[in-house]
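K.L.:
Need coordinates for the following:
(chains A, B, C and D, ligands or ions: 4)
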Amino acid sequence: KQIVIGMTVPGLQFPFFVTMKQEAEAAAAKLGVKINFIDAQNASDKQMAAIETFISQKVDGILISPMTEDSLVPAIEAAVKAGIPVATVDRKANTDKVLIHVGADNVEGGRAAARFIIEKLGNKGTVIELEGTPGSSAAIDRKKGFDEVMKASNVKILVSQTADFTRSKAQSVMENLMQVYPKFDAVFGANDEMIIGAIEAMLAAGIKPATKVTIGFDATTDAFTYMKEGKLNATIDQFPGKQAAMALEALVNKIKNNVNPPQKVVFISPLPVTK
Amino acid sequence: MDDIVLSMKGISKSFPGVQALKSVDFDLKKGEVHALVGENGAGKSTLMKILSGLYRADEGEIWLKGKKITTRGIKAMINAGVSVIYQELNLIRQLSVAENIFIGREPMLPGGFIDWKKMYSDVHTLLKPFNVDINPRTKVYMLSPAYQQVVEIAKALSLKSDILVMDEPTAPLTGNEVDKLFEIIHNLKKSEVSIIYISHRLEEIPKVAERVTILRDGEKILTKPLAELTTAEIIKHMVGRTLTEQYPKISIPIGEEVLRIEGLSKKGYCTDVSFSVRKGEIVGFTGLVGAGRTEIMQTIYGRMKKDAGRIYIDGKEEHIRGVCDAVRKGIGLIPEERKHQGLVLGLSVQDNATMTILDKESVFGFLKQKKLSALVGKMIETMNIKTPSARQLVRYLSGGNQQKVILAKWFLHNCKVYIFDEPTRGIDVGAKVEIYKLMQNLAKDGAGVVMVSSELPEVLNMSDRIEVVFGGRIVKEFRRDEADSETVMEYALGLRENASQQTPLEAGAES
Amino acid sequence: MKVKFVETLKNYGIILAFFIILVVLSIFSPVFLTVNNIINVIRQTSIYGIMAVGMTFVILTGGIDLSVGSVLGVSGAICAGMLKAGNPIILVIIATLGVGIACGFASGIFITKARITPFVVTLGMMSIARGLTLIYTKGYPISGFSPAFRLIGGGYVLGLPIPIIIFLVIVIIAYIVLTQTKLGRYTYAIGGNEETVRLSGINSNFYKTLVYVISGATAGFSALILTSRLNSAEPVAGTGYELDVIAAVVIGGASLNGGRGSVWGTFIGSLLIGVINNGMNLLGISPYFQQVVKGLIIIGAVWLDQLRAKED
Amino acid sequence: MKVKFVETLKNYGIILAFFIILVVLSIFSPVFLTVNNIINVIRQTSIYGIMAVGMTFVILTGGIDLSVGSVLGVSGAICAGMLKAGNPIILVIIATLGVGIACGFASGIFITKARITPFVVTLGMMSIARGLTLIYTKGYPISGFSPAFRLIGGGYVLGLPIPIIIFLVIVIIAYIVLTQTKLGRYTYAIGGNEETVRLSGINSNFYKTLVYVISGATAGFSALILTSRLNSAEPVAGTGYELDVIAAVVIGGASLNGGRGSVWGTFIGSLLIGVINNGMNLLGISPYFQQVVKGLIIIGAVWLDQLRAKED
Ligand SMILES: Nc1ncnc2c1ncn2[C@@H]1O[C@H](COP(=O)(O)OP(=O)(O)OP(=O)(O)O)[C@@H](O)[C@H]1O
Ligand SMILES: Nc1ncnc2c1ncn2[C@@H]1O[C@H](COP(=O)(O)OP(=O)(O)OP(=O)(O)O)[C@@H](O)[C@H]1O
Ligand SMILES: [Mg+2]
Ligand SMILES: [Mg+2]
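P.N.:
Ligands and ions are numbered 1, 2, ... in the order given. As a prediction, this is how the structure comes out:
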């Protein structure tokens, strides 16, 4: 019998999850299982509906990157109760019912980005911070880790504004901020889209990005292009594909052989990658 | 018979629940004015809408100048030389007078730009015969209904068609403008334009028309030269019975004063207006178009803020803070603008007619549906409102029947003073009598009635007292027995005494 | 009688469309017509559907309420905050609805007293309520409530999930209000011609304010259900819901110019959207294609319903 | 003359509000009134502003176009794809505008021929266009274009950024079209009373379709500028723009019922939103508070403008 895994992620509007989906599908093909994919369109209740649909469909296992730590717990527990093993990737769920969590902590990623900047600047200077969509968990966690490390250092956060995780908004916000803060040494974008938008703003204003320390988040293809061109210093890689593949393997192993994974929680350390 | 320019043969049309026209024949000769009369809902407008291409007849054919019309549609009929002044004002309120008149036929400059200069000067020429001062740049919503009608007429004239349909062109007009319109019609006749003329003011018919066709309940009763008919006969054919009296005035004992207005002023609209109304009394207001009668009433009603003046109800001074307050204190106003102020076109007859009494006829907000249906049913019967049911949307009623619904709304509500602004506009002779009776019933029950009307005979015959308004002032008060139409007209025209001011023409009426 | 028939026809097209979709889905997906799935769909729909009922009142008056999603957010946040602070459930419920009502009241007052167009006022309210939610929650979700509270979203009565019961009760009440009460008559009348209503001596401002209050209250109900179902209140909860909610009302046959629409239409409209989302997930249509298909179905369904367009 | 004055007054309130905001901002932020920043604001505004001009036509007819953001997305994606495939710039520009026009034309046809309400059609189109964008891009941005193409968003002519020039030219053309041509007058007339327009023998469907084509074309222009400025086309570009664009038009004094509004109003409305966003960044207001402040300013600005509300 064909094994069917239900997979849902917060939103395909983020290239991060597009990559996660694609690599999960590649891994599934290798394992010979089928993936039923539902996008949560960035809303918890839609993701909950997705899990309910999976339960109706009686899938064999569920792979989820939950919207927030808590909001999907009821749905996940319902699935487990219905006899469907659940694995979480990237973002955690506050329940011990999951088979396995493979994650790269966003808070830790924020810390890593901060450490990178501090080291590059020799623990002095200033930084502009671009936050993600207010209230979204990725935005909160990345900011939390970043601010925490920054506070303990001598690098000063000049200003922190949101650019809603989008490139165009980041470009505008950066243009505006550079008026008030013409002197800055580094920029942190809570995702690659935003740091690229900021870099484009700098380029248009005649500021060489190479003279500043810049770091993004998510390790998208575009980020690597910008790094190759010397416009971007680094991006935090959370290895979405690797996470999904590991979780998927554990799920299939459980379904086929009823074997629990050796560890319930696996963390892949998010790292700054440079090119 | 080559002088027949139009003939409609065996036209039938039905709407859900209504057979509006039953195999009606109609013809029109070159250069004649052919009157079309009938009760409200008889099918006059429907016949004309079929002619204009707006509706498609279920059966029948139309022959224009000896040719059978095959391609239907508005555009085709306009091109064939038919233009229509529709009964319901069909102007675009947000556009200017000039834009409305020339819509679809704007004079153009090379490069696709509108030639405003030419447009404005053409409008001046078109409006000249009316001798009114309407600025072609004024947005239509700022004009009073009478002036809107003038614009509508000018628009139809500008098409220079050889067949002109006028569906109640004079309903919102007073004597002065009517005379001018007749002059225009005579001139048009000379240039061999054929005109179909619809009106409920039967006294006008012999003045303009040569022949008349009478419709009743969607059927053609007769077509005859007017010389062979008396007005009484026309009425008889229209309503299917003899009307004993057109103005059934009864005597009602006059009681105490219910409403007194002292020194009411509103800048640009009315100055120092004082009058009073007593229980059981009907006070008529007359005057020319733009005299400001509507504005006086709307100011009393609290729709516009007054600058000065006192209002006494039952002898006590009252400060009216708005329309709601006015109604609460016992004043009801039946507005002159049907579509915009009187009706909710998308609601049923019942919902419109009961709008004022829902407060009374509900328990904890729940409607007493049975009671409401019964009340409306009775109104439909007494006022002879032609509608398939009380649930019919008002939008689908004929013009006159819509007006009756507005009246029903206020007849059902208990007020101390009723202000009727043009209550019988577009209402047929038969129904008018019923409305006069109902009005007098209100008076008999102890209410005061103010009747603003542009139909002088109605004012002269139905009022106990008559106030003549000119230029925003009351220039003369008559008792019923003192008034005759000539003297009243002289005051209304401002030819007598303190009526020296000019009518303010340019000021925007608040709407 | 004939009139009645035409009235029925007006909502007939969309029901036809709805059934066509149901039939197609049940052919292609064996799971679709299972009791479990049907209950799922209605329960998922209830959150939008309840707000769509409130929105129906607003749209009938010719207004619009863009703030419902944000009002849901702020009501939910305060609900969660109060639960965490240990308040009794009944008080929390009252407060949650109260927040929704207060937001609606504020919008209504600005619309009627300051005479600002509803689009602008509720757009402003949307922004303000979202901001307040973020400030109140400091951007973090508030999670973990008592089992008693969790019954609102997760409990059953007589085998029916409580959210569905709340939804149906609200639909029925709204139906009665719109057809049997003064408020209902005036709601339609204001949308048809507000000037006429005012000149009839009716305090139209009062009723206009009231419809926004109703809309706010329904957002409060949805907030209770959502918060309970998710066992948490997120600061971004409800973002973007306004379009889905308005769409449900309009697909149900209401005119954005006011005066035309019905609760039944809205009910069908909400279910239609719910079923489309559910069905496409069941069929495993790729998320990108889903958007195309969804757009086509919405247009197609209303096309079938265009009969009523002839009306005017 | 009196009429003219009242007309002016109608846009007066919002201009007053606009200047108050300018003054307040220049007091609190010394940077605000610098040439550089002003150019920034207008350039950022141009993307929304251009679409708002197109939307003005649609709203004047009493319609609405919810699809502008998605149409921007799909035009931008195809623009980027074609550039990557090495097509000559002029061809790419034509194709990008063509995609926008095609989407608008499709909406217009459905609205006029199938007689479906604009809200539903453009909601459907919004979903379809977004889906197509995602399918075409496979969910990833398409980036990296030739310096020649990048001039559209980043170049200068006579010291003025090209996006600003495009914006101003479109505003001026739209102003002339609306006041001096048949299309313009019919746009107002259709919004005022479509029935009458038809009774006058005018093919109102033609003009109604045309306004959606115009809206689509402006989305195409915005797509060119955005894609060039960002040096990439994102699959989600334009998401949610519809609300900001409609808001600009409505803040500028247009009525969603049609027949009332102006290009100047829209121009001021767009700048107002642009200035608010810029100002809050300059003042470094916390993102959470920004939403509250933005909501309050929008309501406040229109409040000042409510003079015109008296009109009907
Ligand atoms: N669009 C429509 N839908 C349904 N019924 C209609 C429609 N138009 C007219 N009717 C009905 O057809 C009948 C004839 O209406 P019509 O407007 O022709 O009357 P009329 O003779 O012009 O009356 P009035 O003197 O009141 O203007 C009326 O009973 C009216 O209710
Ligand atoms: N051409 C015009 N342009 C603008 N305002 C006008 C024009 N004609 C009249 N008005 C305004 O309308 C007011 C009179 O209104 P209206 O014509 O309704 O008075 P009325 O006596 O009730 O006449 P009607 O017979 O039309 O009801 C005038 O005071 C004037 O301000
Ligand atoms: Mg008629
Ligand atoms: Mg009058």
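
K.L.:
Would the strand or helix carrying residue A:168 count as contacting chain D?
P.N.:
Using DSSP states H and E, residue A:168 maps to helix A:167-180. Yes: using C-beta under 8 Å from any C-beta of the partner chain, helix A:167-180 reaches chain D at A:167-168, A:171-173, A:175-177, A:179-180. Every residue, glycine included, has its C-beta placed from N, CA and C.

K.L.:
ok, stretch C:114-129 near chain D or not?
P.N.:
Yes: using C-beta under 8 Å from any C-beta, stretch C:114-129 reaches chain D at C:114-117, C:119-121, C:123-129.

K.L.:
Give me the distance between the residue of the stretch 151-300 of chain C found nearest chain A and ligand 4.
P.N.:
Residue of the stretch 151-300 of chain C nearest chain A, by C-beta to the nearest C-beta: residue C:235 (3.4 Å). Between residue C:235 and ligand 4 the distance is 57 Å, computed by C-beta to the ion, to the nearest Å.

K.L.:
Can you tell me the element residue B:494 falls in?
P.N.:
Secondary structure (DSSP H and E) places residue B:494 outside all helices and strands.

K.L.:
Just the pLDDT for it.
P.N.:
In this model, residue B:494 is scored at 82, pLDDT.

K.L.:
doesn't the residue of the stretch 151-300 of chain C closest to chain A fall inside a helix?
P.N.:
No: counting by DSSP: H, G, I helix; E, B strand; the rest coil, residue C:235 is not part of a helix but coil.

K.L.:
How about it, nearest residue that isn't a chain neighbour?
P.N.:
Excluding its sequence neighbours, the residue lying closest to residue C:235 (C-beta to C-beta, 6 or more residues apart in numbering or on different chains) is residue A:135, at 3.4 Å.

K.L.:
Quick one: check stretch A:208-216 for contact with chain D.
P.N.:
No: using C-beta under 8 Å from any C-beta, stretch A:208-216 never reaches chain D; the gap is at least 12.7 Å.

K.L.:
Any idea how far apart the tips of that stretch sit?
P.N.:
Terminal residues of stretch A:208-216 lie 17 Å apart, using C-alpha to C-alpha, to the nearest Å.

K.L.:
cool, and stretch A:226-237?
P.N.:
End-to-end for stretch A:226-237, by C-alpha to C-alpha: 15 Å.

K.L.:
Is it in proximity to chain D?
P.N.:
No: with C-beta under 8 Å from any C-beta as the criterion, chain D is not reached by stretch A:226-237; the gap is at least 8.8 Å.

K.L.:
what sits up against that stretch?
P.N.:
For stretch A:226-237, the surrounding residues in contact (C-beta atoms under 8 Å, 6 or more residues apart in numbering or on different chains) are A:109, A:112-113, A:116, A:120, A:192, A:195-196, A:199, A:203, A:209-210, A:213-220, A:223-224, A:270-275.

K.L.:
Just list the residues touching the closest residue to ligand 4 within chain A, thanks.
P.N.:
Using C-beta to the ion, the point where chain A gets nearest to ligand 4 is residue A:172, with a distance of 55.5 Å. Contact analysis of residue A:172 by C-beta under 8 Å, 6+ apart lists A:163, A:201, D:44, D:277-278.

K.L.:
and the one helix or strand residue B:271 maps to, which residues are buried?
P.N.:
Secondary structure assignment for residue B:271, by DSSP H and E: strand B:270-278. Judged by neighbour count (16 or more other C-beta atoms under 10 Å in any protein chain shown), strand B:270-278 contains these buried residues: B:270-271, B:273, B:275, B:277-278.

K.L.:
out of those residues, which touch ligand 2?
P.N.:
Filtering the buried residues of strand B:270-278 for proximity to ligand 2 by C-beta under 6 Å from any ligand atom leaves nothing.

K.L.:
which one among the residues you listed gets closest to ligand 1?
P.N.:
Nearest to ligand 1, judged by C-beta to the nearest ligand atom, of these is residue B:277 at 29.8 Å.
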